[in-house]
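[1] let me see the structure of the following:
(one chain, ligands or ions: 2)
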Amino acid sequence: MAASDRLNQTSNILDKSIQKSNSQLSLLQVDTPFKVCVVGSGNWGTTIAKVVSENTAQHPHLFEPKVNMWVFDEKIEGTSLVSIINNKHENVKYLPNIPLPENLVANPDLLNTVGDADIIIFNIPHQFLPKIVQQMKGNIKPTARAISCLKGFEVGKKGVQLLSAYVEDELDIPCGALSGANLAPEVAKENWSETTVAYQLPKDYRGDGKDVDHRVLKALFHRPYFHVSVIEDIAGISIAGALKNVVALGCGFVEGLGWGNNASAAIQRVGLGEIIKFGQMFFPESRVETYYQESAGVADLITTCSGGRNVRVAKHMAKSGKSALDAEKELLNGQSAQGIITCKEVHEWLETCELLHEFPLFEAVYQIVYNNVAMDKIPDLIDELDEFRVE
Ligand SMILES: NC(=O)C1=CN([C@@H]2O[C@H](COP(=O)(O)OP(=O)(O)OC[C@H]3O[C@@H](n4cnc5c(N)ncnc54)[C@H](O)[C@@H]3O)[C@@H](O)[C@H]2O)C=CC1
Ligand SMILES: O=C(CO)COP(=O)(O)O
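    Ligands and ions are numbered 1, 2, ... in the order given. Reported below is the predicted structural model:
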């Protein structure tokens, strides 16, 4: 077959698959279209807001087209970021050069953004979550449902908590999660990628067509360039998403030292083992299969360790001798590398449980970031306690 025929055949297959998924969606009906909002407008926040706004515009029988996005407003050369986004349809600070849909509306008022929403998508660096959730208490629909796109944990009085569970407890609404191999700039440019959404129907599920379910979530997040698998393992995808940021710091250290790909692969091997062990130990409801079957597992580890912000910040630390916070500030223009906070949260939790020795890589990363332990000690720190090694 000639190359042009093969191309035509591939494009026909793609067209048919898009038509099939569109016709499945037209069969999906809801009593009243859901109103969607996004809390957060950073690099990933704005990207996900773009994704869902494209879908709400395309499926008005399922969703109200307008999507409100809460913006923690700031001045960019004297003009408010909110008004720039709404006039220029671009988030010039956190997602430059990406045109945003006109039905996506930036809103600086948190309560006005979330007050009438049926689906609340959380997407902010997780250190800001507690303050935001406290403000939202009593100011949302009791029937609202939430999805957390955050990667991290909440460590507090209740021990180590998934962020979705924290939202559920604080706001008394069901909350699922979205996590995957999703470097925001690539998704924003509409380069193909996959993601995983996890959601469990709540006890007070109101019934098909009346409430959010897996099909509704797929319709909300799936795009031709962003393929969604919907499962129930909220814990598995959230643990993988949070902890791969710590592993990525470790990769950045060895890469910054100039040790190359083998060293980075070794860190990822040990890291994956510790991620799975952490899940089994503290969240036994998480499924080991999720780590290798879903985008949110190994695939996210690989993409983050290849080109994410955490690996870049750690490399910069290794090369410049700067602290984690200085490196983050210099490289990321207001964005966050969540591994810096997550390794501290993990350390505090493991210390409380007297289990630091079980997670040598996580602990090594913490010691390098917070106690100036030399990066080139990583192999010894891991080797001492690497339980996967045969003596
Ligand atoms: N950027 C990425 O490629 C991906 C990020 N994630 C996760 O998504 C979550 C959100 O990340 P991004 O959107 O990338 O955020 P970001 O790293 O771009 O952070 C900047 C955001 O933080 C906000 N902010 C700064 N100070 C604040 C304050 N005091 N209160 C409230 N907000 C404040 C800024 O207004 C801005 O919206 C994180 O948990 C991250 O790990 C997940 C997948 C991909
Ligand atoms: O979570 C991410 C990719 O899925 C983004 O990772 P970074 O925050 O390291 O860029």
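[2] make it CA atoms for all contacts and neighbour counts henceforth
    Will do.
[3] how many residues are close by the residue nearest to Glu102 when sequence neighbours are not counted?
    Once flanking residues are discounted, Glu102 sits nearest to His89: 6.6 Å by Cα to Cα, 6 or more residues apart in numbering. By the criterion of other Cα atoms under 10 Å, His89 has 20 neighbours.
[4] quick one, what contacts His89?
    Contact partners of His89, counting by Cα atoms under 8 Å, 6 or more residues apart in numbering, are 99-102.
[5] can you check His347 too?
    His347 touches 356, 362-363, 366, counting by Cα under 8 Å, 6+ apart.
[6] go again with 10 Å.
    341, 353, 355-356, 359, 362-367 (Cα atoms under 10 Å, 6 or more residues apart in numbering).
[7] excluding chain neighbours, what is closest to Leu332?
    Using Cα to Cα, 6+ apart, the closest residue to Leu332 is Arg309 (7.7 Å).
[8] can you pull out the strands in the chain?
    36-39, 67-70, 75-76, 79-80, 104-107, 119-122, 145-148, 153-156, 159-162, 175-179, 193-198, 226-231 (DSSP state E).
[9] quick one: name the residues of the stretch 51-200 of the chain near ligand 1.
    72, 94, 123-126, 128, 149-151, 182-184 (Cα under 6 Å from any ligand atom).
[10] stretch 328-337: end-to-end distance?
    End-to-end distance for stretch 328-337: 7 Å, by Cα to Cα, to the nearest Å.
[11] residues of that stretch that come out buried?
    328, 335-337 (16 or more other Cα atoms under 10 Å).
[12] keep the residues you listed, but drop any that are not near ligand 1.
    Answer for those near ligand 1 (Cα under 6 Å from any ligand atom): 335-336.
[13] list just the nearest of the buried residues of stretch 328-337 to Pro108.
    Gln335 (18.4 Å; Cα to Cα).
[14] now do the contacts for the closest one.
    Gln335 neighbours (Cα under 10 Å, 6+ apart): 42-44, 93-94, 125, 309, 328-329.
[15] ChimeraX command to pick out the buried ones of these?
    Selection of the buried residues among the contacts of Gln335 in ChimeraX, burial being defined by 16+ other Cα under 10 Å:
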select :42,43,44,93,94,125,309,328
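[16] of the contacts of Gln335, closest to ligand 2?
    Using Cα to the nearest ligand atom, Arg309 comes nearest to ligand 2 of those, at 3.6 Å.
[17] measure stretch 199-214 end to end?
    7 Å.
[18] name the residues of stretch 98-114 that are buried.
    Buried, per 16+ other Cα under 10 Å, within stretch 98-114: 98-108, 110-111, 113-114.
[19] quick check, pLDDT for the nearest residue to Asn43 once chain neighbours are set aside.
    Excluding its sequence neighbours, the residue lying closest to Asn43 (Cα to Cα, 6+ apart) is Tyr94, at 4.9 Å. What the model reports for Tyr94 is a pLDDT of 98.
[20] re earlier: give me the pLDDT for the residue nearest to Glu102.
    For His89, pLDDT reads 98.
[21] give me the phi and psi for it.
    When read as degrees, to the nearest 10, the backbone of His89 gives phi 50, psi 50.
[22] so Leu162 makes contact with Gly156?
    No: using Cα atoms under 10 Å as the test, Leu162 is too far from Gly156 to be in contact (11.2 Å).
[23] so for those two, which sits in the more crowded spot?
    Taking neighbours as other Cα under 10 Å, Leu162 and Gly156 compare with Leu162 leading, 23 against 11.
[24] give the closest residue to the more buried one in space, chain neighbours not counted.
    Phe153 (5.3 Å).
[25] quick check, that neighbour in contact with Pro130.
    No: Phe153 is beyond contact range of Pro130, at 11.3 Å (criterion: Cα under 10 Å).
[26] which residues are common contacts for these two?
    163, 166.
[27] need the residues of the stretch 251-391 of the chain near ligand 1, please.
    334-336, 338.
[28] next, format those as CSV and append pLDDT.
    Formatted as CSV, these follow (pLDDT from 0 to 100):
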residue, pLDDT
Gly334, 98
Gln335, 98
Ser336, 97
Gln338, 98
